[in-house]
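here are the coordinates; sequence isn't available:
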């Protein structure tokens, strides 16, 4: 009965298939691709689908078919579809493949772990329906900060360390160099090989046991000892290849293991020799042991007195050493010298500017220690001040101390001790923290007693000087009176107490000030203007900050005195410095009668000391169409700082072409006396501590986060990814 039923079903299937195939051939008779291989069956009969279609769509296994799918006869199969593979529609097969690929992608995404596609910080509909407003939320307080963030963030105990302390701080290393950050391929390859070698060194130290080394050192025969070392090397290499399968594929893996093993054994040998030497010194020889011969009473009294004096001196020295240890500052106890070994185990440290200078500026946001830094986005620089403005915790203004900041501190500290001039050129991509590093140097230098002229907004100064006029005393130079008045006022406000004893020489006064200007200075600062009295830098700065008509002359004379004195270190810090090499924004008919050609910034008395001191010269492309007027002679007294240095930083957030910035960087790199300091993105450790600081100070979404973000590794990795570990973008990622 079953066989008969199967025959009936088979005949029906064959007749239906022939009908559908014939119908398809008749419909496609007018097509260009008319052949029997394109004939497709448009009708399906439930169970009688082709086995390949079922396998592609439903993935039926061999077990489901009851055996191998190579069976092709009705006698071998319970259900049989005679439609061949060539009868399928090509478009339908493509859609099946696409559906299958999409299904595989969905399954792959479902298996992934990490941050989801939805935003966990979004405001839900339930929150909107409750009708809550901003006043209904709980006011932020420091207790809302997570415990892990409070334990992670470390602030320097002195608030702002001096340059000397900053130069010796142990700080974590920056991330590996990457060609995409402008470092080129060669430094990246070198650092990658160094990291690979360091990983092999660390692995060898964990593999080689001390017991096995002791057995090797006890071997007397040199050949046997060499054979034991060879066996140790071979076994270590084999074990390391199993533990590090990726490193074992390196072409120089065996050479790295051999060098690392040799250095490791040499270090062990040196330690053994030092221990033996220390033991021999501690054990006195027979000649050094005093003889137990009897002595007379007088000799015994002398010996006892001598021993008593020696014990007293020893106790005094021990007490002095203990006292010195006690009076050490907390910073010296917590932070060790900056060495490579100390940097490996160190953590990021923050300086708190508000802890040293609690008095704020006129804006009520920036401490006076960083005057004239401004918070406004059009007049300020970078985004560091914005972070302070958004923080819920208003009793602290923190800046992370990084290795690039330490490098600048080391150069300035060395120049101060050697009475020389340090020239530092700070580079980095947009949002890396260049402005924050310069601000940290300004705070540290002023805390150290340095005189610092800080110009944080170079882009504003190169454009918005209100007006320009020829210098009344110096032919070929031009003055910016409003900006000179501003700079004189800032210097006076920050360093009036440091400048009282600095006298301006008569030669300097005659070089920049006319007799009329000298009279005005004396009238403003002296009761008897006719008396032949000395003029100090404070007198010039007071006059320049009040009288705009002689502000430029007072500024130049003050800068000449500060740059050529050696009593106190003098440092110039200028941000957005690459704008001074772009096309100028100041015009005057005395320079160009047609007023088509901008005046070079090197011919302006305000920028002359900065450009001459750094000494970076590039071709001016802005005036090539017309013959440029010959520049004025260089003033040697405003071309170098006798004790101190100059620190300049570039900007990529202002309207300065990258071509100009690239030329300046290339020219600065070619000078041997200019040190290039690059500000890299955050490392993983620095990014974690930076986000923890945002949690502690209450910024953005981390304000009421209660540590959920900083304790979630996947969320931290997501924030690093979307920001590329740039401080500016990392801050934005917590706000938007």
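Looks like it arrived, so ask away. Just so it is clear, the model here is predicted, and its values are computed rather than measured.

and the helices in the stretch 201-350 of the chain?
Across the stretch 201-350 of the chain, reading from the start of the chain, the helices by DSSP state H, counting those that start in this stretch fall at 210-218, 222-243, 253-282, 297-326, 330-334, 340-344.

the closest residue to residue 673 other than its chain neighbours: what's it in contact with?
Leaving out its chain neighbours, the residue that sits closest to residue 673 by CB to CB, 6 or more residues apart in numbering is residue 423, at 5.7 Å. From N, CA and C alone the C-beta is placed, and that goes for glycine too. For residue 423, the contacting residues are 613, 614, 615, 645, 646, 671, 673, 674, 675, by CB atoms under 8 Å, 6 or more residues apart in numbering.

which one of these is nearest to residue 490?
Residue 490 has its nearest neighbour among those in residue 646, at 16.7 Å by CB to CB.

report the distance from the strand or helix carrying the residue nearest to residue 673 to the chain centre.
Element membership for residue 423, per DSSP states H and E: strand 421-427. Strand 421-427 sits 17 Å away from the centroid of its parent chain (CA atoms, centre = their mean, to the nearest Å).

can you list the strands that it pairs with?
Based on DSSP bridges, the strands next to strand 421-427 in the sheet, each with its direction, are strand 644-649 (parallel), strand 674-678 (parallel).

right, so the ones you listed: which one is the most enclosed?
Per-residue neighbour counts averaged over each of those give the maximum for strand 644-649, namely a mean of 28 (mean count of other CB atoms under 10 Å).

quick one: what helix or strand has residue 486 in it?
Residue 486 is part of helix 481-495, with elements assigned from DSSP H and E.

and that helix, average pLDDT?
Mean per-residue pLDDT for helix 481-495: 93.

after that helix, next one along is what?
Counting by DSSP H and E, the element after helix 481-495 in chain order, helix or strand, is strand 503-504.

helices and strands of this structure: which one has the lowest mean pLDDT?
Within the chain, confidence by mean pLDDT, DSSP states H and E is lowest for helix 330-334 among all helices and strands, at a mean of 38.

can you show me the strands along the protein?
In the chain, strands defined by DSSP state E lie at 349-352, 398-401, 421-427, 451-455, 469-470, 478-479, 503-504, 535-536, 570-574, 644-649, 674-678, listed in chain order.

distance to residue 153 added to those, as a markdown table?
As requested, the strands of the chain are arranged in a markdown table below (distance: least, CB to CB, whole Å):
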| stretch | distance to residue 153 |
| --- | --- |
| strand 349-352 | 7 |
| strand 398-401 | 8 |
| strand 421-427 | 25 |
| strand 451-455 | 27 |
| strand 469-470 | 51 |
| strand 478-479 | 47 |
| strand 503-504 | 46 |
| strand 535-536 | 44 |
| strand 570-574 | 26 |
| strand 644-649 | 26 |
| strand 674-678 | 25 |
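
which one of those lies nearest to residue 705?
Distances from residue 705 to each of those were compared using CB to CB; the minimum, 18.3 Å, belongs to strand 398-401.

tell me the helices and strands packed up against the closest one.
On a contact count with 3 or more CB pairs under 8 Å, 6 or more residues apart in numbering; DSSP states H and E, strand 398-401 meets strand 349-352, helix 434-447, helix 684-697.

avg pLDDT for the first one?
Across strand 349-352, the average pLDDT comes to 94.

any stretches of the stretch 551-700 of the chain with poor pLDDT?
Across the stretch 551-700 of the chain, the stretches falling below the confidence threshold (pLDDT under 70) are 620-637.

now do the helices in it.
Ranges of helices in the stretch 551-700 of the chain, per DSSP H, counting those that start in this stretch, are 551-564, 608-614, 658-670, 684-697.

find the one among those helices with the highest mean neighbour count.
Once neighbours are counted as mean count of other CB under 10 Å, the most buried of the helices of the stretch 551-700 of the chain proves to be helix 551-564, having a mean of 26.

what is it packed up against?
strand 451-455, helix 481-495, strand 503-504, helix 506-512, helix 515-525, helix 537-546, helix 608-614.

change it to 7 Å
helix 481-495, helix 506-512, helix 537-546 (3 or more CB pairs under 7 Å, 6 or more residues apart in numbering; DSSP states H and E).

tell me the buried residues in the first one?
Spelled out, it's helix 481-495. Taking 16 or more other CB atoms under 10 Å as the neighbour-count basis, helix 481-495 is seen to contain the buried residues 481-492, 494-495.

just want the angle from it to helix 537-546.
Helix 481-495 runs at 140 degrees relative to helix 537-546, counting by axes from the mean of the first three to the mean of the last three CA atoms, to 10 degrees.

give me the contact list for helix 481-495.
Taking CB atoms under 7 Å, 6 or more residues apart in numbering as the criterion, the residues outside helix 481-495 that touch it are 371-372, 446, 451, 453, 461, 465-466, 538, 541-542, 544-545, 548-549, 551-552, 554-555, 606.

cool, and the shortest one?
Contacts of helix 506-512 with the rest of the structure, by CB under 7 Å, 6+ apart, involve 473, 518, 535, 553, 556, 557, 560, 561.

that older thread, out of the strands of the chain, which is the most enclosed?
Per stretch, and counting mean count of other CB under 10 Å, the top mean among these goes to strand 644-649, which has a mean of 28.

quick one, what contacts residue 207?
For residue 207, counting by CB under 7 Å, 6+ apart, the contacting residues are 236, 239, 240.

can those go into TSV with extra columns for pLDDT, distance to residue 716 and neighbour count?
Below are the contacts of residue 207 laid out as TSV (pLDDT from 0 to 100; distance: CB to CB, whole Å; neighbours: other CB atoms under 10 Å):
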residue	pLDDT	distance to residue 716	neighbour count
236	87	36	19
239	89	34	14
240	88	31	22
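
for those, which one is nearest residue 701?
Out of those, the one with the shortest distance to residue 701 is residue 240. That distance is 44.5 Å, counting by CB to CB.

thinking again about what came up before, orientation of the strand holding residue 423 relative to helix 658-670 in degrees?
140 degrees.

got the angle for strand 421-427 vs strand 570-574?
On the basis of the same axes, to 10 degrees, strand 421-427 is oriented at 20 degrees to strand 570-574.

any idea what residue 351 is bridged to?
Bridge pairing for residue 351 - DSSP bridges - gives residue 399.

state the distance from it to residue 694.
As judged by CB to CB, to the nearest Å, residue 351 and residue 694 stand 16 Å apart.

repeat for residue 424
Computed as CB to CB, the residue 424 to residue 694 distance reads 29 Å.

for residue 274, same thing?
Counting by CB to CB - residue 274 and residue 694 are separated by 47 Å.

now swap in residue 490 and tell me
Applying CB to CB to residue 490 and residue 694 gives a distance of 30 Å.

verify the contact between residue 547 and residue 519 for me.
No. At 11.6 Å, residue 547 does not count as touching residue 519 under the criterion of CB atoms under 7 Å.

which one of those two is surrounded by more residues?
residue 547 (18 against 13; other CB atoms under 10 Å).

which residues touch the closest residue to that one other than its chain neighbours?
Distances taken as CB to CB, 6+ apart place residue 520 nearest to residue 547, at 6.3 Å, with adjacent residues excluded. Under the criterion of CB under 7 Å, 6+ apart, the contact list for residue 520 reads 543, 547, 550.

of all the helices and strands packed on helix 551-564, which one is nearest residue 406?
Proximity to residue 406, assessed across the helices and strands packed on helix 551-564 by CB to CB, is greatest for helix 481-495 (23.7 Å).

ok and the closest one relative to helix 434-447, angle-wise?
Relative orientation of helix 481-495 and helix 434-447, computed by the same axes, to 10 degrees: 50 degrees.

any idea how far helix 481-495 is from the middle of the chain?
32 Å.

check stretch 456-475 too.
Worked out by CA atoms, centre = their mean, stretch 456-475 lies 34 Å from the chain centre.

the strands of the chain: which one's closest to residue 95?
strand 674-678 (53.4 Å).

many thanks, I have nothing further to ask.
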